[in-house]
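Engineer: this is the structure alone, sequence omitted:
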């Protein structure tokens, strides 16, 4: 269970953050939420798909790392084997807090990344922010700004009925069967059937580029299957 608190240089003056990768630090995750501003970097390494939000009322784009809960095929020991680390993974154990119009930095006090002796110091001895904390602040600001684009993007997809559910059945080289369910992708036939006015509207909103980034990312499903074959071979 997460234990969120507002970061401050009194209660957390000795806090350090372990930035090493590893399952013991929570990196054994199947996916991470992403957003249109990050799609260009994400699509170079991972499939981008959509899932229902936890309340079941909407959708959110995610970068896919594996085919089952707790499976990260990019994680080998303490190495994350991809050129790009998604922002929602990199930001751990920090979170964005909002107080009115002001953004705050929260921290998950139950995170295994926290230490009093190991890793990157969060505050200087006399209470100032370290370069690591300043970098984290910039990262969280970029995430917050990027997430603001997601509702408009999803609204456009739903307006033109471009989301469809899909099932991916995978038979590994060792004969085992695996199935990926519960996710959605872009319906390419509906996209191709859109008229010029609809395409112009999507382009004007900056959504057409994001759609094609999602479609391009699906080629990474093949490499994800190859990683799964290697791990279970």
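Structural biologist: Arrived safely, thanks for sending. Not measured: the values here are computed from a predicted model.

Engineer: contacts only, for residue 216.
Structural biologist: With contact taken as CB atoms under 8 Å, 6 or more residues apart in numbering, residue 216 is in contact with residue 43. C-beta here means a position set from N, CA and C on the backbone, and glycine is covered the same way.

Engineer: what comes up buried for the helix or strand encompassing it?
Structural biologist: Using DSSP states H and E, residue 216 maps to helix 207-217. Buried residues in helix 207-217, counted by 16 or more other CB atoms under 10 Å: 207-208, 210-211, 213-214, 217.

Engineer: same thing with stretch 182-189?
Structural biologist: Result for stretch 182-189 [16+ other CB under 10 Å]: buried residues 183-187.

Engineer: one more: stretch 25-35?
Structural biologist: 25, 27, 29-35.

Engineer: kindly check the end-to-end length of that stretch for me.
Structural biologist: 23 Å (CA to CA, to the nearest Å).

Engineer: which residues touch that stretch?
Structural biologist: Contacts of stretch 25-35 with the rest of the structure, by CB under 8 Å, 6+ apart, involve 18, 21, 42, 48, 51, 60-72, 75, 80, 86-89, 92, 111-113, 143, 146-147, 149-150.

Engineer: just the buried residues of those residues.
Structural biologist: 18, 21, 42, 48, 60-67, 71-72, 75, 80, 86-89, 92, 111, 113, 143, 146-147, 149-150.

Engineer: which of those residues fall within helices?
Structural biologist: Secondary structure from DSSP state H places 42, 87-89, 143, 146-147, 150 of the buried ones among the contacts of stretch 25-35 in helices.

Engineer: can you pull out the helices in the chain?
Structural biologist: All helices of the chain, identified by DSSP H, fall at 39-42, 87-90, 131-147, 150-159, 188-193, 196-204, 207-217, 220-232.

Engineer: tell me the mean pLDDT over the longest one?
Structural biologist: Per-region confidence: helix 131-147 scores 95 on mean pLDDT.

Engineer: distance from the chain centre to it, please.
Structural biologist: The chain centre lies 14 Å from the centre of helix 131-147; the measure is CA atoms, centre = their mean, to the nearest Å.

Engineer: kindly report the same for the fifth one.
Structural biologist: The gap between where helix 188-193 is centred and where its chain is centred comes out at 26 Å by CA atoms, centre = their mean.
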